[in-house]
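>>> fold the following, please.
(2 chains)
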Number of protein chains: 2
Amino acid sequence: MAIPKRKLVIGIDLGGTNMQIGVVDPLYKIPGRSKKKTRAIEGMQKVLDRIVDGVSEACQEAGVAVKDIAALGIGAPGAIDPAAGVVVQAPNLNWHNVPLAMLLKKRLNIPVVVDNDVNVAVYGEWRLGAGKGVTDMLGVWLGTGVGGGMILNSKLYYGGFFTAGEIGHNVLFPGAPPGTRKVEDCCSRTAVVRHILQLIHTGRKSVIPEMCGGDLSEIRAKTVSMAYEKNDLPTREVIDNAAELLGIVVANAVTLLSLPRVVLGGGLTEAMGDALVKPVREATRRYVFPDVLKKVEVVATKLEANAGLLGAALLAQEAAGLAKAPVTK
Amino acid sequence: MAIPKRKLVIGIDLGGTNMQIGVVDPLYKIPGRSKKKTRAIEGMQKVLDRIVDGVSEACQEAGVAVKDIAALGIGAPGAIDPAAGVVVQAPNLNWHNVPLAMLLKKRLNIPVVVDNDVNVAVYGEWRLGAGKGVTDMLGVWLGTGVGGGMILNSKLYYGGFFTAGEIGHNVLFPGAPPGTRKVEDCCSRTAVVRHILQLIHTGRKSVIPEMCGGDLSEIRAKTVSMAYEKNDLPTREVIDNAAELLGIVVANAVTLLSLPRVVLGGGLTEAMGDALVKPVREATRRYVFPDVLKKVEVVATKLEANAGLLGAALLAQEAAGLAKAPVTK
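Residues are numbered from 1 along each chain as shown, chains lettered A, B, ... in the order given. Now for the predicted structure:
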């Protein structure tokens, strides 16, 4: 069946390491996609070149021309002013006040909307995935760091400085050594791998060295998940602790914002699944106030690695008038 | 000058201990007021009787009849459904699903709006006091407990269960003994008085016993403030610690919500002023992320004890069409 032209949009998940580009149809299928390294170190123009190339490739796979695309949405890491289409500050890309929407529109000649990478993933989950049906939710993305985003009153929430959602930088242990004080220092994939390695280096027995063929630089989220399933004690200790700490900070956000749902995503969540989500859910419910908040649903991402791409595509659909954003309450 | 009739509203701050009732004119002056004990223990009907009596007294003082009042706004402690005008749950009053707006409307024959007591105080500060000019703010009220409320996108924020703002129930020390884990356990007036007394009971020298004529049950927020000014060491230790802890939890909220302003209120803030607000501001700025949030303004209430009454009056004005709520962004 031919895809109706001008009903297609492009969604881009622009990360510090990789970019995911997809042509998205009205049923949220992805008939064409492309994945590239970001390589921000080569400078902004080169990153833009790779985005433009990736868009062409994805369009080619979908059997359409770029001019047949109604709009493009892109999620970028950092503080974004979505109304202006500007990347205000993106340390991972070393970008400062980059008018990304305008620059891409010039190159591709289609409307472009920009938002924060975690925001677009959270928006995707809210509209199409694990966040459906609630007016208020928090998304927490566990990967290299810990990112977050919020839907409040049925709308992405940005805050006064466009930096809302940085739950990974909430302080847990103010007196602890630098690098061990924040949620991100305890609950990111990077952090749990580091803490498991520390235990192994002190002589604790673990299945992990064998699983990586002795190369401990090769520990991935999947490795952690498999070791956890094998009841590896250092892994259990670190993950269970991280889940408890994440539960506390999530509970504090739920208490402050009276949230009916929290969606966990990111590479670590995708790899661990319920082994991580269940203890976080239990800890969250233990620490919330008042009791009515024990109803809070703490659930795993449904869109997984496509959350950002699809969320960015949704924003593009809305910009092109192909879909309407839900009404706020 | 005669007060134009039907331009007056009534604002009520209904607390667990006292109720403040005021007739409020279009310039936010209070030409008539009344203060009564709440005495919730005598049952809801008696509380309603006292509200109705207080309304009459305040009207009398203002030289108007109740029928000349355009609308009444009331802030009540607990989870409120403002659209339904229902007190969903108010432990301090022992009320559960009380249709307060409907009951008061029946008695007084004027439109009634209900909201949470801290919410109305925060709304008052935002419209008329220390919160003016921002689209997003957090209010933290330090008194018997620690309450909170938020303006997000230029609107009072309620959350999915109408309980938003309970920052006093955020957990600081999950492993600590019960009664010492939460913000409220460390930073309320009740808590700082308890902790100062604990130090005195261990034999620490303090000016406080002399200040209260030996009756340590007579310590008020003003006593704490005066002891602090006199460089009383136990008082300094407890207050400085409470300010640091409050700064951490406020910083976490500012980081999560990207807030340009935080207003501190309640009896302890009113008594201590800058001696409390300044260290909270400094701690907040130390713990926020990213750096742009170091611009966050942490300021004291301007409306002080009238914040709740005036905030409730503002909501009444809006309900009566005498004023318009600001447009949300």
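>>> quick one: neighbours of A:N94, just the number.
Neighbour count for A:N94, taken as other CB atoms under 10 Å in any protein chain shown: 14. Backbone N, C-alpha and C define where each C-beta goes, glycine included.
>>> if we ignore the residues flanking it in sequence, what's nearest it?
Excluding the flanking residues, the one nearest A:N94 by CB to CB, 6 or more residues apart in numbering or on different chains is A:A40, at 5.9 Å.
>>> that neighbour: what's it in contact with?
Counting by CB atoms under 8 Å, 6 or more residues apart in numbering or on different chains, A:A40 makes contact with A:G16, A:V47, A:N92, A:L93, A:N94, A:W95.
>>> which pLDDT value goes with the residue of the stretch 1-150 of chain A found nearest chain B?
Distances between the stretch 1-150 of chain A and chain B by CB to the nearest CB are smallest at A:D136, namely 4.8 Å. If you check A:D136, the pLDDT there is 98.
>>> burial measure for it, as a count.
Around A:D136 there are 26 residues (other CB under 10 Å).
>>> ok, it touching A:V254?
No: using CB atoms under 8 Å, A:D136 is not in contact with A:V254, being 9.8 Å away.
>>> count the neighbours of the closest residue to A:P31 other than its chain neighbours for me.
Sequence neighbours aside, A:A62 is the residue nearest to A:P31 in space, at 4.1 Å (criterion: CB to CB, 6+ apart). When counting by other CB under 10 Å, one arrives at 22 neighbours for A:A62.
>>> before we move on, what about A:L199?
18.
>>> for the host helix or strand of A:L246, list every residue counted as buried.
In the assignment (DSSP states H and E), A:L246 maps to helix A:233-257. Residues of helix A:233-257 classed as buried: A:234-235, A:238-239, A:242-257 (neighbour count, 16 or more other CB atoms under 10 Å in any protein chain shown).
>>> give me the mean pLDDT for that helix.
98.
>>> same question for stretch A:126-133.
Rounded mean pLDDT across stretch A:126-133 is 98.
>>> quick check: end-to-end length of that stretch?
8 Å (CA to CA, to the nearest Å).
>>> again, but for stretch A:193-208
Stretch A:193-208: ends 10 Å apart by CA to CA.
>>> now do stretch A:151-159
12 Å.
>>> which residues sit against that stretch?
A:82, A:115, A:119, A:122-123, A:126, A:131, A:134-137, A:149-150, A:164-165, A:257, A:325-329, B:136, B:152-153, B:155, B:157, B:257-259.
>>> with stretch A:202-213 instead?
By CB under 8 Å, 6+ apart, stretch A:202-213 touches A:196, A:199-200, A:216, A:218-219, A:223, A:226-227, A:230, A:232-235.
>>> tell me the least confident of those?
Lowest pLDDT among those: A:E218, 79.
>>> tell me the contacts of that residue?
A:C212.
>>> ok, the residue nearest to A:N94 to B:S34 distance?
A:A40 is 65 Å from B:S34, where distance means CB to CB, to the nearest Å.
>>> over to A:P260?
Distance from A:P260 to B:S34, by CB to CB: 39 Å.
>>> these two: which has the busier surroundings?
In terms of neighbours (other CB under 10 Å), B:S34 is the more surrounded of A:P260 and B:S34; the figures are 22 against 19.
>>> give the buried residues for the helix or strand encompassing the more buried one.
Assigning secondary structure by DSSP H and E places B:S34 in strand B:32-37. In terms of neighbour count (16+ other CB under 10 Å), strand B:32-37 has its buried residues at B:G32, B:R33, B:S34, B:K36.
>>> what angle separates the helix or strand that comes right after that strand from strand B:32-37?
Using DSSP H and E, the next helix or strand after strand B:32-37 towards the C-terminus is helix B:44-62. For helix B:44-62 against strand B:32-37, the angle by axes from the mean of the first three to the mean of the last three CA atoms, to 10 degrees is 150 degrees.
>>> same for helix B:44-62, what does it pack against?
Applying 3 or more CB pairs under 8 Å, 6 or more residues apart in numbering or on different chains; DSSP states H and E, one finds that helix B:44-62 contacts strand B:8-14, strand B:18-24, strand B:32-37, strand B:69-76, helix B:100-108.
>>> out of those, flag the one nearest chain A.
Of the helices and strands packed on helix B:44-62, nearest to chain A by CB to the nearest CB is strand B:69-76, at 15.1 Å.
>>> what's that closest one packed up against?
Using 3+ CB pairs under 8 Å, 6+ apart, strand B:69-76 is in contact with strand B:8-14, helix B:44-62, helix B:100-108, strand B:112-116, helix B:117-128, helix B:307-319.
>>> which residues does the residue at minimal distance from the centre of chain A contact?
Nearest residue to the geometric centre of chain A (CA atoms, centre = their mean): A:V118, 4.1 Å. Shown in contact with A:V118 (CB under 8 Å, 6+ apart): A:G75, A:G139, A:W141, A:G147, A:G148, A:G149, A:G165.
>>> among those residues, which two are most distant?
Pairwise distances across these (CB to CB) peak at 13.7 Å, for the pair A:G75 and A:G148.
>>> picking up where we left off before, of the helices and strands packed on helix B:44-62, flag the one that's most buried.
strand B:8-14 (a mean of 29; mean count of other CB atoms under 10 Å in any protein chain shown).
>>> what residues does the stretch 201-329 of chain A have near chain B?
Within the stretch 201-329 of chain A, the positions near chain B by CB under 8 Å from any CB of the partner chain are A:244, A:248-249, A:251-253, A:255-261, A:287, A:289-290, A:292-293, A:295, A:328.
>>> point out where chain A drops to low pLDDT.
For chain A, applying pLDDT under 70 flags the ranges A:1-5, A:328-329.
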